[in-house]
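Q: Would you be able to build a 3D model of this:
(one chain, ligands or ions: 2)
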Amino acid sequence: MNKSLLTLFAMALACTAFGQSAKKTTKNRPNVIFICADDLGYGDLSCYGATKINTPNLDRLAAEGIRFTDGHATSATCTPSRYAFMTGQYPWRKKGTGILPGDAALIIPTDKTTLPNLFKKAGYQTGIVGKWHLGIGETVAKDWNGELKPGPNEVGFDYSFIFPATADRVPTVFLENHKVLALDANDPIQVDYAKKVGNDPTGKDHPELLKMQSSPGQGHNQTIVNGIGRIGYMSGGKMARWVDEEISTTFLNVAQGFIEKNQEKPFFLYYALTEPHVPRMPATRFKGKSGLGLRGDAILQLDWTIGEIMKQLKLLGIDKNTMIVFTSDNGPVLDDGYQDEAVTKLNGHKPAGVLRGGKYSALEGGTRVPFILSWPGQVKPQVSSALVSQMDLIASFSKLIGQSIPAGDAPDSENLLDAFTGKSPKGRSVLVEQGASISLLKDGWKYIVPGKGAAFMQDVGIETGNLPIAQLYHLTEDLAEKSNLAAKYPERVKEMAALLEKIQEQK
Ligand code: NG6
Ligand code: CA
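A: Ligands and ions are numbered 1, 2, ... in the order given. The predicted model follows:
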């Protein structure tokens with residue numbers, strides 16, 4: 001081979017190599033899979049210290065990436081937390097962001113920057129698979145048999161495969177883009193949260209038809225679907241109704257389909273898992289596997305799911321160019337409406353780990369959640385104690401992919417890209433938490449605003465964090481919030497209360 005031919009050959013080789021690297025290893029345009037579990041607690045994974053349950057896949061994800069010890073949902077329930085990471089705005093700034101019924105109207109603005117439309121504007125293919133719970137349509141009254149919008153597709157997702165609210169709320173159907181999946185036009189769906197529709201039996205009148213009893217005093221005894229009493233009434237749509245045991249594998253299949261289809265492009269996937277929210281009804285092969293009742297089994301299923309996604313990324317050869325962020329929308333709860341043995345078979349497992357409180361709570365168990373980020377090749381494995389919130393993802397991704405956010409949008413989101421990618425140990429300096437009361441975190445201290453509500457939620461068995469007096473905890477020394485130091489440090493209480501008010505007044 002003469003010299004010029006050799007050069008040509010080398011150039012061709014270089015081009016192929018470059019072509020591949022452009023496709024698979026672009027540093028500022030990784031694929032992003034944002035995985036949000038539902039009600040998974042700070043102590044529910046073995047990489048966060050659980051000893052009674054084993055989560056090898058998430059442990060591996062954490063070992064290969066960054067495990068945050070001070071990662072937060074903004075709120076101790078689902079809708080507000082999800083509103084916050086979708087919009088970059090504290091949910092308590094906006095009315096109507098509390099837990100939504102299954103027939104609620106869309107609460108995410110269609111004319112502002114959202115997490116998915118940020119990626120979409122940057123040329124990504126965007127998709128959501130899983131639980132939505134942010135409302136659909138312009139109004140509560142809507143035709144479930146027609147085009148359902150605005151919804152996920154109108155706030156930035158090119159593709160959506162969701163269920164509308166929670167697994168315990170009607171309608172118990174999947175929506176693909178604007179339509180209920182597998183709907184038979186001759187069997188239209190009707191939904192009502194105020195009065196019974198149709199003739200389907202309810203859990204209240206026919207407990208003998210239930211395969212899992214509802215918890216006394218916690219509702220979940222309206223229309224029965226698949227042997228489980230739900231919140232809300234529905235009729236029709238018999239073919240379209242999901243089978244609970246298949247929800248998770250259905251979501252997994254659809255998520256993997258989206259990944260496979262978009263493997264050559266940069267994509268953003270919001271994968272919203274339903275586990276371990278009630279009703280916990282994992283695939284039969286997981287039932288009984290954890291020894292901790294169905295809640296534990298659902299966590300095993302969740303962990304397996306993550307392993308399947310990781311395997312797929314490897315097989316497609318895109319694992320190095322795919323960032324996975326894994327977290328949970330709020331803290332854990334055991335009895336959240338069904339007698340599913342989560343309480344009786346707990347076996348010493350601590351769903352919130354060392355933290356006090358859980359779902360609904362103003363205590364750390366409400367909003368401090370598992371938070372793992374992996375990006376093989378780009379992010380060095382480590383444990384980070386940086387204070388980060390899910391709400392900060394939008395500003396941080398804006399920086400990463402070079403897509404600016406118009407002034408006024410995502411007002412509470414902070415660019416913490418260096419913390420998220422492990423380049424800096426420094427996160428936020430201040431964070432507001434929303435549970436049964438409002439709290440402020442600053443410099444390792446936590447102040448909880450005095451509240452009038454009950455200190456304990458009897459039904460779900462969770463401390464709310466509500467007290468009529470101010471509470472101040474030094475989290476760096478007392479993560480379990482055992483010792484209220486408000487009386488000892490009145491000046492700090494005053495300062496933090498004033499700062500909180502100032503943040504609350506901002507627009
Ligand atoms: C509560 C439900 C609870 C759960 C929660 C929403 C009752 C008594 N309890 O109102 O079962 O559905 O809402 O959970 O109805 S979340 O994770 O979506 O916020
Ligand atoms: Ca939740």
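Q: Residue numbers of the chain in contact with ligand 1?
A: Counting by C-beta under 6 Å from any ligand atom, the residues of the chain lying close to ligand 1 are 38-39, 77-78, 99, 133, 166, 168, 218-219, 231, 277-278, 330, 336-337. Placement of C-beta: from N, CA and C, glycine included.
Q: Got the domain ranges for this protein?
A: 28-428, 436-505 (automatic domain parsing).
Q: Please identify the most buried of those.
A: Neighbour counts (mean count of other C-beta atoms under 10 Å) averaged over each of those peak at domain 28-428, with a mean of 21.
Q: Columns mean pLDDT on top of the domains of the chain, output as JSON lines?
A: Output for these, formatted as JSON lines (pLDDT from 0 to 100):
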{"stretch": "domain 28-428", "mean pLDDT": "98"}
{"stretch": "domain 436-505", "mean pLDDT": "98"}
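Q: These into CSV, with extra columns for distance to ligand 2?
A: CSV is the format used below for these (distance: least, C-beta to the ion, whole Å):
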stretch, distance to ligand 2
domain 28-428, 4
domain 436-505, 13
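Q: ok, longest helix in this protein?
A: helix 293-316 (DSSP state H).
Q: one step back: of all the residues of the chain next to ligand 1, which comes closest to M323?
A: Nearest to M323 among the residues of the chain next to ligand 1, counting by C-beta to C-beta, is D38 at 21.3 Å.
Q: Now do the same contact list for that closest one.
A: Applying C-beta atoms under 8 Å, 6 or more residues apart in numbering to D38 gives the contacts 78, 131, 166, 272-277, 328-329.
Q: In strands, which of the residues you listed fall?
A: 131, 272, 328 (DSSP state E).
Q: so which of the residues you listed comes closest to G293?
A: S328 (18.9 Å).
Q: pretty sure Q339 is in contact with S215, am I right?
A: Yes - counting by C-beta atoms under 8 Å, Q339 does reach S215; the two are 5.6 Å apart.
Q: Next up, the contacts around whatever residue of the stretch 301-450 of the chain ends up closest to ligand 1.
A: Per C-beta to the nearest ligand atom, G337 is where the stretch 301-450 of the chain lies closest to ligand 1, at 3.8 Å. Each residue near G337 by C-beta under 8 Å, 6+ apart is listed here: 168, 214-215, 218-220, 231, 278-279.
Q: Dump the residues you listed to JSON lines, plus distance to P188.
A: Converted to JSON lines, those look like this (distance: C-beta to C-beta, whole Å):
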{"residue": "D168", "distance to P188": "23"}
{"residue": "S214", "distance to P188": "27"}
{"residue": "S215", "distance to P188": "32"}
{"residue": "Q218", "distance to P188": "30"}
{"residue": "G219", "distance to P188": "26"}
{"residue": "H220", "distance to P188": "25"}
{"residue": "I231", "distance to P188": "21"}
{"residue": "V278", "distance to P188": "28"}
{"residue": "P279", "distance to P188": "25"}
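Q: Report the closest residue of the stretch 401-507 of the chain relative to ligand 1.
A: Closest point on the stretch 401-507 of the chain to ligand 1, by C-beta to the nearest ligand atom, is D459, at 6.8 Å.
Q: how about that residue, secondary structure?
A: For D459, the secondary structure call by DSSP: H, G, I helix; E, B strand; the rest coil comes out as coil.
Q: Verify the contact between it and Q218 for me.
A: Yes - contact criterion C-beta under 8 Å: D459 and Q218 qualify, at 5.4 Å.
Q: Find the residues that touch each one of these two.
A: D335.
Q: Tell me the one among the contacts of G337 nearest to W445.
A: Closest approach to W445 among these (C-beta to C-beta): V278, at 34.1 Å.
Q: my read: the closest one touches S214, true?
A: No - taking contacts as C-beta under 8 Å, V278 lies outside contact range of S214: 9.6 Å.
Q: list residues touching both of those two?
A: 220, 337-338.
Q: show me what contacts V493?
A: Shown in contact with V493 (C-beta under 8 Å, 6+ apart): 447, 470, 472, 486.
Q: Now it: phi and psi?
A: phi -60, psi -50 (degrees, to the nearest 10).
Q: again, but for V173
A: According to degrees, to the nearest 10, V173 has phi -140, psi 160.
Q: Pull the contacting residues for it.
A: Contacts for V173 (C-beta under 8 Å, 6+ apart) come out as 144, 163-164, 180-181, 183, 189, 237, 240-242.
Q: Tabulate the contacts of V493 (a markdown table), appending secondary structure.
A: Output for the contacts of V493, formatted as a markdown table (three-state DSSP):
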| residue | secondary structure |
| --- | --- |
| Y447 | strand |
| A470 | coil |
| L472 | strand |
| A486 | coil |
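Q: of all the residues you listed, which two lie farthest apart?
A: Taking C-beta to C-beta, no two of the contacts of V493 sit farther apart than Y447 and A486, at 7.9 Å.
Q: Overlap in contacts, these two.
A: The contact sets of Y447 and A486 overlap at 470-472, 493 (C-beta under 8 Å, 6+ apart).
Q: distance between stretch 359-375 and the chain's centre?
A: Centroid separation between stretch 359-375 and its chain, computed with C-alpha atoms, centre = their mean, to the nearest Å, is 10 Å.
Q: do stretch 64-72 as well
A: 15 Å.
Q: Endpoints of that stretch, how far apart?
A: 21 Å (C-alpha to C-alpha, to the nearest Å).
Q: Over to stretch 325-339?
A: 32 Å.
Q: Likewise for stretch 434-448?
A: First-to-last distance for stretch 434-448 - C-alpha to C-alpha - comes to 10 Å.
Q: Can you tell me what sits against stretch 44-51?
A: 42-43, 53-56, 58-59, 62-63, 67, 276, 299, 303, 332, 349-351, 353-354, 370, 372.
Q: In helices, which of these appear?
A: For the contacts of stretch 44-51, secondary structure assignment (DSSP H) places 56, 58-59, 62-63, 299, 303 in helices.
Q: For those residues, name the two members farthest from one another.
A: A63 and I299 (18.2 Å).
Q: ok, of the ones in helices among the contacts of stretch 44-51, which one's closest to T114?
A: L58 (26.7 Å).
Q: circling back: between the contacts of V493, which is closest to Q403?
A: Distance to Q403, by C-beta to C-beta, is smallest for Y447 among these, at 35.4 Å.
Q: Name whatever forms a beta bridge with that closest one.
A: L440, L472 (DSSP bridges).
Q: Pretty sure it sits against A497.
A: Yes - with contact defined as C-beta under 8 Å, Y447 reaches A497; the gap is 6.5 Å.
Q: list residues touching both of those two?
A: Contacts common to Y447 and A497, judged by C-beta under 8 Å, 6+ apart, are A470.
Q: so where do the helices sit in the stretch 201-350 of the chain?
A: 244-261, 293-316 (DSSP state H, counting those that start in this stretch).
Q: Could you dump those into JSON lines and include distance to K502?
A: JSON lines is the format used below for these (distance: least, C-beta to C-beta, whole Å):
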{"stretch": "helix 244-261", "distance to K502": "41"}
{"stretch": "helix 293-316", "distance to K502": "39"}
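Q: nearest to F267, of the ones you listed?
A: Here helix 244-261 is closest among the helices of the stretch 201-350 of the chain (C-beta to C-beta), at 7.1 Å.
Q: same for that closest one, what does it pack against?
A: In terms of contacts (3 or more C-beta pairs under 8 Å, 6 or more residues apart in numbering; DSSP states H and E), helix 244-261 is packed against strand 125-131, strand 159-163, strand 267-272, helix 293-316.
Q: Would you mind giving the ones you listed as JSON lines with distance to L393 added?
A: Formatted as JSON lines, the helices and strands packed on helix 244-261 follow (distance: least, C-beta to C-beta, whole Å):
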{"stretch": "strand 125-131", "distance to L393": "14"}
{"stretch": "strand 159-163", "distance to L393": "19"}
{"stretch": "strand 267-272", "distance to L393": "10"}
{"stretch": "helix 293-316", "distance to L393": "18"}
